[in-house]
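Colleague: pasting the sequence and the predicted model now:
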Amino acid sequence: MIQEEIKKVIEKVIGKNAPNFSVEVPADKSHGDYSTNVALVLAKKAGRNPLEVASEITSKIGRQPFIEKIEVAGPGFINFYLSKDFFVEQLKGINENFPKTKKPFFGAKKVIVEHTQPNPFKIFHIGHLMNNVIGESVARILAANGASVKTASYHGDVGLHVAKAVWGWAHLETKNNPAQIGVWAKAYALGSKAFDEGGEAKAQIQALNKEIYEKSDEGINELYDKGKRASIEHFEYLYKKLDSHFDYHFYESQAGEIGKKLVSENINKVFEKGENGAVIFRGENFQPKTHTRVFLNSEHLPTYEGKEIGLAFLKKVWKYDASIVVTANEQDSFFDVVEVAMGEVFPKAKGKLKHLSHGMLKLPSGKMSSRTGSIISAEELIDNVKGMVLKKATDRNLDSTTVEQIAIGAIKYSILKQSIGSEIIFDFERSVSFEGDSGPYLQYSYVRAVSVLQKAKGEKIKASFKKVPGEISGLEKMMAHFPEVVQKASQEFDPHVITLYLTELAREFNNYYAHHKIVDTADEFSSYKVALIEAFSAIMKNGLWLLGIQAPSKM
């Protein structure tokens, strides 16, 4: 990475006791290709004039093969202008050199990323969709930075929500096939409403919950199995549609018993008995800013917290260096305590656990609730956006596969264009725009580049960097930053770093396209321009892949 090379050159000049300083791409392109604040940091420490310190450093750097010139600017920044040859060399092997670093983030080589976590018997809603989009992209980014990544999803296949759904199914006005997924959303809403109203229904659901947990009724077991199977099959259908996959699927029915055993074995070591026979973890005794939570209830059954201990054990099947869990920020407080407890039960896991929380995805009408049946499913959102794409592209003659690729790309971009901690209100109109910051805009830019390459092939103009123009454009410079952008996204666990970069890159490409005739047999630099577009198409395709967005062949 050129940033690291520049930093090494500076550190060589100022010595071993170099302070922390930054080497960044300046927002204003007139300030060079990279800029550093090292002189400002050193001057403050020594009580000297930053401009004098900056001048001393630049005079000692000497000639470097990749640097064209160095300037001291402003209050003491040092600006680096890289050579034309450097940028051309960077682009020559852009396909082969798609970011693969030797040092994955914080040294982790084997990483497990848990995300999505839809529960059987309930709808795969827009919250699961958001989590899936973020988790899949994070996993791909980490893999691109050299980590060996496994993905996992955790499903609540036992618990009160299951009992509510099963009770609701039995009380639907019309009998339905339990192997059909659609019936279970209605059943859950009906059961949840009945439970909240209390009375006999609540008692029946509580009793049913125990029967499901104990598997004591053959008829209920059969109904449960059909419902769970229908849910899992539906989830797999959606994963395929979203172009995501999982190496492992874990279930609460597995984790619960293991968690109960592990918590019980660690009473008076990590956990302690609280009121009414419950087993608790006093998090504040281990980590000051945490709090107390119950891990086994008064009936000695594992709570969600206790089940997480069992899940941590199940994950050990993949001997990871880091375990990342992606959830909505509503669960921040939960994981603040659970991660500490996990570290005490499994000391070797300390420092390897990371909770990555994201904001909520909301529609203009607000947040939806599965308890009332007014939830918006992932499929509903996708279908709505597909309808808008068709309206926008009536003259484009798009096939159904391409329409779905564009719609899902529009949704994913809308989720990933902001830092993952942000709340997102989904803007339908903006999401399907073929211009500006949108998924379709990136996809269309890629398709345009592919079209140029096809035209060049027809004119028999081959891509080549042998003959380079006297000056290079902003497109070459921006493309050269791609490896650093991917590395930064990994370090920050945030795909929006790539999303923003690709949007700026697409603008740069479209500006270049508008001002240059690329395919021209009479132009001695046409082969170079074609090579440039070939590199752009490779970066855009790889970048879209990192975001989980399909690159259509035509639009």
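Modeller: Sure thing, it's come through.
Colleague: tell me what the helix or strand harbouring Met540 is packed against?
Modeller: Using DSSP states H and E, Met540 sits within helix 526-546. Secondary-structure packing of helix 526-546 (3 or more C-beta pairs under 8 Å, 6 or more residues apart in numbering; DSSP states H and E): helix 84-92, helix 126-144, helix 439-458, helix 474-479, helix 482-492, helix 496-515. Placement of C-beta: from N, CA and C, glycine included.
Colleague: let me have these in JSON lines, extended by distance to Ser333.
Modeller: Formatted as JSON lines, the helices and strands packed on helix 526-546 follow (distance: least, C-beta to C-beta, whole Å):
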{"stretch": "helix 84-92", "distance to Ser333": "45"}
{"stretch": "helix 126-144", "distance to Ser333": "17"}
{"stretch": "helix 439-458", "distance to Ser333": "33"}
{"stretch": "helix 474-479", "distance to Ser333": "41"}
{"stretch": "helix 482-492", "distance to Ser333": "23"}
{"stretch": "helix 496-515", "distance to Ser333": "25"}
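Colleague: okay, those helices, which one's buried deepest?
Modeller: helix 126-144 (a mean of 25; mean count of other C-beta atoms under 10 Å).
Colleague: and it, C-alpha only, in PDB?
Modeller: C-alpha atoms of helix 126-144 as PDB (Å, rounded to 0.1, in the frame of the first residue of the first chain):
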ATOM      1  CA  ILE A 126     -36.600  -5.900   6.600                       C
ATOM      2  CA  GLY A 127     -34.500  -5.900   9.800                       C
ATOM      3  CA  HIS A 128     -33.200  -9.300   8.800                       C
ATOM      4  CA  LEU A 129     -32.600  -8.000   5.300                       C
ATOM      5  CA  MET A 130     -30.500  -5.100   6.600                       C
ATOM      6  CA  ASN A 131     -28.500  -7.400   8.900                       C
ATOM      7  CA  ASN A 132     -27.900  -9.800   6.000                       C
ATOM      8  CA  VAL A 133     -26.700  -7.100   3.700                       C
ATOM      9  CA  ILE A 134     -24.200  -5.700   6.200                       C
ATOM     10  CA  GLY A 135     -23.000  -9.100   7.500                       C
ATOM     11  CA  GLU A 136     -22.400 -10.500   4.000                       C
ATOM     12  CA  SER A 137     -20.500  -7.500   2.900                       C
ATOM     13  CA  VAL A 138     -18.400  -7.400   6.100                       C
ATOM     14  CA  ALA A 139     -17.500 -11.100   5.600                       C
ATOM     15  CA  ARG A 140     -16.500 -10.500   2.000                       C
ATOM     16  CA  ILE A 141     -14.400  -7.400   2.900                       C
ATOM     17  CA  LEU A 142     -12.500  -9.300   5.600                       C
ATOM     18  CA  ALA A 143     -11.800 -12.200   3.200                       C
ATOM     19  CA  ALA A 144     -10.500  -9.700   0.600                       C
END
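Colleague: name the residues that touch the helix or strand that comes right after it?
Modeller: Moving toward the C-terminus from helix 126-144, the next helix or strand (DSSP H and E) is strand 148-155. Residues from elsewhere that reach strand 148-155, judged by C-beta atoms under 8 Å, 6 or more residues apart in numbering: 109-120, 135-136, 139-140, 142-143, 232, 244-252, 255, 311, 315, 318, 320.
Colleague: counting by contacts, list what whichever helix or strand comes after strand 148-155 packs against.
Modeller: For strand 148-155, the following helix or strand on the C-terminal side (DSSP H and E) is helix 160-170. Under the contact criterion of 3+ C-beta pairs under 8 Å, 6+ apart, helix 160-170 touches helix 181-197, helix 199-214, helix 218-242.
Colleague: one step back: pipe the helices and strands packed on helix 526-546 into CSV and attach mean pLDDT and distance to Glu24 per row.
Modeller: Below are these laid out as CSV (pLDDT from 0 to 100; distance: least, C-beta to C-beta, whole Å):
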stretch, mean pLDDT, distance to Glu24
helix 84-92, 89, 17
helix 126-144, 96, 20
helix 439-458, 97, 24
helix 474-479, 94, 14
helix 482-492, 92, 10
helix 496-515, 97, 13
